[in-house]
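Participant: Pasting the sequence and the predicted coordinates here, then a few questions.
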Amino acid sequence: LAKTTQPISMDSYEGQEVNITCSHNNIATNDYITWYQQFPSQGPRFIIQGYKTKVTNEVASLFIPADRKSSTLSLPRVSLSDTAVYYCLVGAGGTSYGKLTFGQGTILTVHP
Amino acid sequence: NAGVTQTPKFQVLKTGQSMTLQCAQDMNHNSMYWYRQDPGMGLRLIYYSASEGTTDKGEVPNGYNVSRLNKREFSLRLESAAPSQTSVYFCASSPTGFTEAFFGQGTRLTVV
């Protein structure tokens, strides 16, 4: 499985756009990139998944450059409720082989 | 919509005692996972089951056993609890492999 590297923590203010970058230099051809969000005392929640270029949903956007060695989760206009830990995962999508491995994640703190 | 249900939510054990954490999902998912999360840390994969009838070790399997009882249920057993196993345990399920995973509410286990 590809190893991922994320910043340990980030700070932002309400209303700003936040970009969290994840490095995954050893990503394999059939690997997908997935981001999860975790609030204190809760299990992680799926945010977004992508393979290449750009993916957008109602919560976030995921930017993946052509070489796929990194990805950026973009959260538009964050609020205090976006304060959470964000995890980047890389692995083979759509297969029966499942091994979801989480790293340390990025602690995002949104200030008033 | 129950999703992933874990029981119990809280448990205190004495060192050396045994117990089984139960997990059930009602989404007809093939893959199921058990994680532990220590304070201030990311999630660490204990065991996973890619499909009914199969189980595999994750990152930290020592001291644990699992049973994929059927497609719905995946239990985690501590045969002889140790203080180092004090943690929050999360169960998760996903349709297959690296697709969106859904997490339970967690079991907060304290071993004294």
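Facilitator: In hand now; what should we look at?

Participant: and the gap between the residue nearest to the spatial centre of chain A and B:P8?
Facilitator: In chain A, the centroid-proximal residue (Cα atoms, centre = their mean) is A:W35; its distance is 3.3 Å. Going from A:W35 to B:P8 by Cβ to Cβ, to the nearest Å gives 30 Å. From N, CA and C alone the C-beta is placed, and that goes for glycine too.

Participant: Kindly report the same for A:K52.
Facilitator: Taken as Cβ to Cβ, the span from A:K52 to B:P8 is 43 Å.

Participant: can you pull up the bridge partners for the residue of chain B found nearest chain A?
Facilitator: Using Cβ to the nearest Cβ, B:F103 is the residue of chain B that sits closest to chain A, at 2.7 Å. Bridge pairing for B:F103 (DSSP bridges) gives the partners B:A92.

Participant: The nearest residue to A:F46 once chain neighbours are set aside: how many residues sit nearby?
Facilitator: Using Cβ to Cβ, 6 or more residues apart in numbering or on different chains and skipping the chain neighbours, the partner closest in space to A:F46 is B:E100 (4.3 Å). A total of 14 residues lie near B:E100 under the criterion other Cβ atoms under 10 Å in any protein chain shown.

Participant: how about B:E100, secondary structure?
Facilitator: coil (DSSP: H, G, I helix; E, B strand; the rest coil).

Participant: Check what pLDDT it gets.
Facilitator: On pLDDT, B:E100 comes in at 89.

Participant: just A:Y97 next, same as before
Facilitator: Here the pLDDT value assigned to A:Y97 is 56.

Participant: who touches stretch B:62-81?
Facilitator: B:13-26, B:28-30, B:32-34, B:46-47, B:49, B:52-55, B:82, B:84-85, B:89, B:91, B:93, B:109, B:111 (Cβ atoms under 8 Å, 6 or more residues apart in numbering or on different chains).

Participant: Report the distance from it to the chain centre.
Facilitator: Here the centre of stretch B:62-81 is set off from its chain's centre by 7 Å, with Cα atoms, centre = their mean, to the nearest Å.

Participant: can I get the CA coordinates of that stretch in CSV?
Facilitator: Provided in CSV are the C-alpha atoms of stretch B:62-81 (Å, rounded to 0.1, in the frame of the first residue of the first chain):
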residue,chain,number,x,y,z
ASN,B,62,-1.5,-9.2,18.6
GLY,B,63,-3.7,-10.0,21.5
TYR,B,64,-6.9,-10.1,19.4
ASN,B,65,-8.9,-12.6,17.4
VAL,B,66,-11.8,-12.1,15.1
SER,B,67,-14.7,-14.1,13.7
ARG,B,68,-16.6,-13.2,10.5
LEU,B,69,-19.8,-15.0,11.7
ASN,B,70,-21.7,-14.3,8.6
LYS,B,71,-22.0,-11.4,6.1
ARG,B,72,-23.5,-9.1,8.6
GLU,B,73,-21.4,-9.8,11.7
PHE,B,74,-17.7,-9.4,12.6
SER,B,75,-16.7,-9.8,16.2
LEU,B,76,-13.4,-9.0,17.9
ARG,B,77,-12.3,-11.0,20.9
LEU,B,78,-9.8,-10.1,23.6
GLU,B,79,-8.7,-13.4,25.2
SER,B,80,-6.7,-11.9,28.1
ALA,B,81,-7.1,-8.2,28.3
